[in-house]
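Asker: Make a model of this:
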Amino acid sequence: MPESRAGFCRRLQWDAADREISHAFMMIRQTTTPTGAMTYAANRSETTGHADAAFAILHAVSHEPLARPRGGSRVVIG
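Answerer: All right, here's what the predicted structure looks like:
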């Protein structure tokens, strides 16, 4: 695994037994709005809602700095 990806994998972790998070990510699909803009959507599921866990994680990660501070930090979910 490339170092940059390995660093990211150490920063974002969750319990592998928690299938809701991985299922939520897999539900997201790219689509377009009626005006032609690209967006992402997910159908509702009994276990994952509208991929709520994935969208919450993506929102949090989008506010993470791209450069990793020295000493590192880790986000553990669950």
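Asker: What are the boundaries of the helices in the protein?
Answerer: Assigned by DSSP state H, the helices in the chain fall at 3-11, 19-27, 52-62.
Asker: Counting by contacts, list what the longest one packs against.
Answerer: Pointing back at helix 52-62 there. helix 19-27 (3 or more C-beta pairs under 8 Å, 6 or more residues apart in numbering; DSSP states H and E). All C-beta atoms are positioned from the backbone trio N, CA, C, and that covers glycine.
Asker: Hey, what's the angle from the helix it packs on to helix 52-62? Just curious.
Answerer: 80 degrees (axes from the mean of the first three to the mean of the last three C-alpha atoms, to 10 degrees).
Asker: Can you list the buried residues in helix 19-27?
Answerer: 20, 21, 24, 25, 27 (16 or more other C-beta atoms under 10 Å).
Asker: And the third one, how close does it get to residue 37?
Answerer: Looking back up the chat, that one is residue 24. 23 Å (C-beta to C-beta, to the nearest Å).
Asker: Check the second one too.
Answerer: From residue 21 over to residue 37 the distance is 27 Å, taken as C-beta to C-beta.
Asker: Poorly predicted segments of the protein, please.
Answerer: 1-11, 48, 66-78 (pLDDT under 70).
Asker: quick one: contacts for the closest residue to residue 33 other than its chain neighbours?
Answerer: Nearest residue to residue 33, sequence neighbours excluded (C-beta to C-beta, 6 or more residues apart in numbering): residue 39, at 5.6 Å. Neighbour list for residue 39: 30, 31, 32, 33 [criterion: C-beta atoms under 8 Å, 6 or more residues apart in numbering].
Asker: any chance of these in TSV, plus distance to residue 62 and neighbour count?
Answerer: Output for the contacts of residue 39, formatted as TSV (distance: C-beta to C-beta, whole Å; neighbours: other C-beta atoms under 10 Å):
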residue	distance to residue 62	neighbour count
30	16	8
31	19	11
32	21	10
33	20	9
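Asker: Many thanks, we can stop here.
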